[in-house]
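Enquirer: here's my sequence, what's the structure:
(one chain, ligands or ions: 1)
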Amino acid sequence: MGVLLFTVDIRGNTFKVCLFFYLLVMTPIIVESKVRSLTLNSIFTHFPFQSLLHTHDSVAQRDFEPALPPLPDDAMEEDEDSVKIVSLVKTKDPLGATIKKDKSSGAIVVARVMKGGSADKSGLIHEGDELKEVNGVSLEHRKPKEILPLLACSEGAVKFKIIPGSTKEDMTSRMTKLFVRTLFDYDPTEDPTIPCKDAAVAFRRGDVLQVVSTDDDTWWQACHLGDGGSRAGLIPSKQLHERRVALQRPRALFGHQHSKPAGDRRSFRLGRKSRRASKTAKLRRWSSEVHGTICPPTYIEVVPYHKEPTDRHRLIVLVGPSGVGVNELKRRLVISDPDLYGVSVPYTTREKRIREKEGVNYHFVSVQAINKYGQYRGNYYGSNLDSVQRVMAEGKVCLLDVHPSNIKHVYTSEFKPYVVFVKPPRIEELRLTRRRAKFVCEEDCKQVRMFSEEDFEDMIDQAEMLDSQYGHLFDKVIVNGDIATAFRELKAELKKVDNLEVQWVPAVWMHSTPTKAWRSCSSLTGWI
Ligand SMILES: Nc1ncnc2c1ncn2[C@@H]1O[C@H](COP(=O)(O)OP(=O)(O)OP(=O)(O)O)[C@@H](O)[C@H]1O
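Expert: Residues are numbered from 1 along each chain as shown. Next up, the predicted model:
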């Protein structure tokens, strides 16, 4: 008896149907049942064999595929090749595409296909495709917002009648591999211009995103680091964010603000001397003038930095308004581990306070000696780079206290600065902690500083200004309310930074020229 062997391919699964086994098993049974005389015909009419033949026929006729709806009559009127019926199975995730009305033709077209979304994975829907129908409902003369409910209420398979766009490019070849750190907050729920809120990616300042497409001048596509391979979403392009900031200064748009809005303290300020109000207004005016002349921070390209055991520690830059506790935190760090932490003693033109020591807290110098450094509250502060290099060469973590405007001098691969912003807490907590601290400090025979209400207000005002002007430079914000808590948090953070195997640092530190992906992002430039 011959062996009949055939192989069929059902949706990629290979099923080998081997009649040999059927006959091998069945023949002895047939023999035992005294049906030697049965003809081949009777074998073929046997039920299991019939089922086998039926299966074969189904596979041969591809009966297993989902039934497509009948081609609509009017489809025949159009060029046969240009009409596509696409059936996508809808999961709880969105389809991952946005639509718009083409201004010239009035047609509904696919505006964007999100990388990794259902539409993208299907490979059947592309940017520029014209949507004619959804589940048999014509989209003619409909607005995009009328179409969304049609999609929302459809369950299971959603059927589209599509006229493929004329410019179908290979999307994968256009995908960029670009990592950026975001330098502003973005909350799509507060952005009325986003084409589709569900298709957007929210982020906080400092997040690292993988940008997968910069094709569109207005909306880029990106996903959070670690979400690689998952669905990308829309983020404002660099150009869009710059335009928005130019139109609506001085604060970042559509995002949470890191520093407390002035409203917190406004009630306190009412009735205070007008001198305070005019001082604050002056600071704000200066801030918006500065913002008016420079590009607002948007994104900075970052690359992974793999720290080798032989690499020097990164420079730790501590910034904050005067009196917030930068020196106190530095002092505690050095006491806690003098072999690990070292300081570069800064220079200042301000007066020496009681019990401050020359060469320990500061080098106290005249204005003439230091005026090349940055100005801050009427006093000059500065640090000497040689002394920073000396501390780092000793293999220590160098703690540097500078005004943020001077960070640019150490923003290099040599120092790889990690910037910590020490921020004051709310004014109520400032009053409580700083006044209580007086007694603790006195018992401990340490330097005591008396703060006035005006000092607290100044500290909070300055913190807001620093945050709005230099916030994009900050890697970490520590609120110095309770000193023990702030110190613990800072120490843990520095330890983490020192031990992290992979750190995302500005690409300019690692490459002398921007990467190919960054160059491809048209007008992306430095931000400082
Ligand atoms: N969280 C805190 N609770 C109570 N007292 C604090 C706290 N942080 C700092 N102080 C005290 O506040 C005073 C000012 O702190 P510090 O000198 O560290 O400020 P600074 O930020 O270095 O300011 P400057 O740059 O003007 O010297 C010190 O007496 C310090 O002990």
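Enquirer: could you check how many residues crowd around residue 338?
Expert: The local packing of residue 338 (other Cβ atoms under 10 Å) involves 10 other residues. For the C-beta atoms, the positions are set from N, CA and C on the backbone; glycine is no exception.
Enquirer: what about it, is that helix, strand or coil?
Expert: Secondary structure state of residue 338, per DSSP: H, G, I helix; E, B strand; the rest coil, is coil.
Enquirer: any idea how far it lies from the ligand?
Expert: The spacing between residue 338 and the ligand, counted by Cβ to the nearest ligand atom, to the nearest Å, is 18 Å.
Enquirer: what's the pLDDT at that residue?
Expert: On the pLDDT scale, residue 338 is placed at 95.
Enquirer: give me every residue in the stretch 201-350 of the chain lying close to the ligand.
Expert: Residues of the stretch 201-350 of the chain lying close to the ligand (Cβ under 6 Å from any ligand atom) are 320, 322-328.
Enquirer: can you flag which of these belong to helices?
Expert: 326-328 (DSSP state H).
Enquirer: residue in the stretch 251-400 of the chain nearest to the ligand?
Expert: Residue of the stretch 251-400 of the chain nearest the ligand, by Cβ to the nearest ligand atom: residue 325 (2.8 Å).
Enquirer: what about that residue, neighbour count?
Expert: Residue 325 has 26 nearby residues by other Cβ under 10 Å.
Enquirer: dump the residue contacts of it.
Expert: Contact analysis of residue 325 by Cβ atoms under 8 Å, 6 or more residues apart in numbering lists 422, 480, 483, 486.
Enquirer: could you dump those residues into a markdown table and include secondary structure, distance to the ligand and pLDDT?
Expert: Output for those, formatted as a markdown table (DSSP: H, G, I helix; E, B strand; the rest coil; distance: Cβ to the nearest ligand atom, whole Å; pLDDT from 0 to 100):
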| residue | secondary structure | distance to the ligand | pLDDT |
| --- | --- | --- | --- |
| 422 | strand | 7 | 97 |
| 480 | coil | 5 | 96 |
| 483 | helix | 3 | 94 |
| 486 | helix | 6 | 97 |
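Enquirer: any chance of those in CSV, plus neighbour count?
Expert: Shown next, in CSV, are the contacts of residue 325 (neighbours: other Cβ atoms under 10 Å):
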residue, neighbour count
422, 25
480, 23
483, 16
486, 22
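Enquirer: and the two most separated of those residues?
Expert: Pairwise distances among these were taken by Cβ to Cβ; the largest, 10.8 Å, belongs to 422 and 483.
Enquirer: what's the overlap in contacts for those two?
Expert: Common neighbours of residue 422 and residue 483 (criterion: Cβ under 8 Å, 6+ apart): 325, 329.
Enquirer: let me know the closest of the ones in helices among the residues of the stretch 201-350 of the chain next to the ligand to residue 463.
Expert: Using Cβ to Cβ, those come closest to residue 463 at residue 326, 11.7 Å.
Enquirer: contacts for the helix or strand containing residue 363, please.
Expert: Assigned by DSSP states H and E, residue 363 belongs to strand 363-364. Around strand 363-364, the neighbours that count as contacts under Cβ under 8 Å, 6+ apart are 345-352, 358.
Enquirer: tell me the strands beside it, with direction?
Expert: strand 347-348 (parallel) (DSSP bridges).
Enquirer: can I get the contacts of strand 363-364 in TSV with pLDDT?
Expert: Formatted as TSV, the contacts of strand 363-364 follow (pLDDT from 0 to 100):
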residue	pLDDT
345	81
346	77
347	80
348	80
349	81
350	78
351	79
352	80
358	84
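Enquirer: OK, contacts around residue 110?
Expert: 97-99, 119, 125-131, 165.
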